[in-house]
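Visitor: the following block contains a protein sequence and its predicted model.
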Amino acid sequence: MKSNIATDEIAQPYAQALMSVAQSKNQTEQFGEDVRSLQRLLSESAQLQNFLSNPFIQPEDKKAVINQILGENPNTYLRNFLLLLVDRRRISFLEPICRQYLALLRQLNQTVLAEVTSAIPLSEAQQQAVTQKVLAMTNARSVELDTKIDREIIGGVIIKVGSQVIDASLRGQLRRLSLRLTSS
């Protein structure tokens, strides 16, 4: 398993280079959509991740799979970037590169990422309420929600924005109550 710090140090210059290309072509949002699609594909397919990370698989085979995945995608800059990662033996860092590119894009657009964990899927109105709360908290221009379901929190939500955590879950309230009762 790779160290997160070492991975981030390797991924950062590549993410910045991709952002530089996107900005020079005035396509930061298009690149963002393509990167999100790649990230989704990687998270859904452990087999693809293993294939791209395997050092024993020939670079030509990896390039063929990348070309097949991208299909008719008109973004030749992204295709060339991915092929360059294969040539430089950095394709195994694709997921952290994607993650860092999206962080750079959020920073450029003054958007914050809010990780929201709830016991059940949030309705549209609840998502709007969380968005408004995060906007008020951060003074950002917009909010990107990353929602997760965790039945163990029983009810309520946990909102994480950067290092700030708002625990409004029933599990958290019960834990705080338990601590108060045991400290008395």
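Guide: Structure received.
Visitor: what's the longest helix in the chain?
Guide: If you go by DSSP state H, the chain has its longest helix at helix 4-24.
Visitor: centre of the chain versus it, how much separation?
Guide: Computed by C-alpha atoms, centre = their mean, to the nearest Å, the separation of helix 4-24 from the middle of its chain amounts to 14 Å.
Visitor: tell me what it is packed against?
Guide: If contacts are counted by 3 or more C-beta pairs under 8 Å, 6 or more residues apart in numbering; DSSP states H and E, helix 4-24 sits against helix 28-44, helix 76-87, helix 94-108. Where C-beta positions appear, they are placed from N, C-alpha and C, glycine not excepted.
Visitor: centre of the chain to whichever helix or strand comes after the first one, how far?
Guide: Along the chain past helix 28-44, the next helix or strand (assigned with DSSP states H and E) turns out to be helix 46-53. Centroid separation for helix 46-53 versus its chain: 18 Å, with C-alpha atoms, centre = their mean.
Visitor: what does helix 46-53 contact?
Guide: For helix 46-53, the surrounding residues in contact (C-beta atoms under 8 Å, 6 or more residues apart in numbering) are 41-42, 57, 62, 65, 69, 91-92, 94-95.
Visitor: show me the contacts for the residue nearest the centre of the chain.
Guide: With distances taken as C-alpha atoms, centre = their mean, the residue of the chain nearest its centroid is Arg99 (4.6 Å). Residues counted as contacts of Arg99 (C-beta under 8 Å, 6+ apart) are 11, 39.
Visitor: tell me the mean pLDDT for stretch 139-158?
Guide: The average of the pLDDT scores along stretch 139-158 is 92.
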